[in-house]
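Participant: Prediction below, plus the sequence it came from.
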Amino acid sequence: MASKLVISTFLSLDGIMQAPGGPGEDDTNDFQHGGWLAPHVDEGFGAIMGDVFDRADGLLLGRRSYDILSSHWPSVPDEEGGAKINSMPKYVTTRTPMNAEWRNTQVLVGDAAQTIADLKRSTDGEILVQGSSDLIRTLQQAELVDEYRLLIFPVVLGEGKRLFAEGTMPAGLKFTGSSSTDAGVVYVTYEWAGKPVLGSVV
């Protein structure tokens, strides 16, 4: 028994993942570009995200992302994707005990690297991480990420939280697929392949 941990995230062309959904989502460090995703949402984007969530058996979130999603989805159960996300198992990581009122949510209290390693060993299927930039960095450092599903948007932001920040644990990746939408969003998928393979072209 072991789950596959999948990072699904939205990125600008220069690798920023902060506040794609709208202004005020995450204004850390006075980020001024919240909502950069919205102009590029179309049917192709919806189809990709529908497939990502259809394949997921559980949703893993950091505390901030949990607060954002749990304030929205329970109140719109009839919105597309609402039934799935509200009913699926959800896990929220925190160092401080909390009450999780969103249905089917389990709180993982303690060191995230340890609690999530335990979660992977004790569950089956796919656990999806959506957003949660701080949590992702912890998962990368602990080498717990099995797959990346990245939607790359035709916008350059120049600042903000990055998926692969300075100091990220080096990793080799295996390309597994790509597609694009009419709005110019490129969807690429990679599996974790251990340490980078080095060589020389000199």
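Facilitator: On my side now, so go ahead.
Participant: tell me the strands in this protein, going along the chain?
Facilitator: Counting by DSSP state E, the chain has strands at residues 4-12, 58-61, 90-94, 105-109, 126-130, 147-153, 173-180, 186-192.
Participant: closest to residue 161 out of these?
Facilitator: Of all the strands of the chain, strand 4-12 sits nearest to residue 161, with 10.5 Å by C-beta to C-beta. Just so you know, the C-beta spots here come from the backbone N, C-alpha and C atoms, and that holds for glycine as well.
Participant: for that closest one, what is the average pLDDT?
Facilitator: Averaged across strand 4-12, pLDDT comes to 97.
Participant: what's the angle between it and strand 147-153?
Facilitator: 10 degrees (axes from the mean of the first three to the mean of the last three C-alpha atoms, to 10 degrees).
Participant: how about stretch 44-51: buried residues?
Facilitator: Within stretch 44-51, the residues that count as buried by 16 or more other C-beta atoms under 10 Å are 44-45, 48-49.
Participant: Let's see which of those end up in helices.
Facilitator: 44-45, 48-49 (DSSP state H).
Participant: Contact partners for the closest residue to residue 173 other than its chain neighbours?
Facilitator: Counting by C-beta to C-beta, 6 or more residues apart in numbering, residue 190 is the residue found nearest to residue 173 once chain neighbours are left out, at 4.0 Å. Shown in contact with residue 190 (C-beta atoms under 8 Å, 6 or more residues apart in numbering): 147-148, 150, 173-176.
Participant: now this protein, which segments are flagged as low pLDDT?
Facilitator: 1 (pLDDT under 70).
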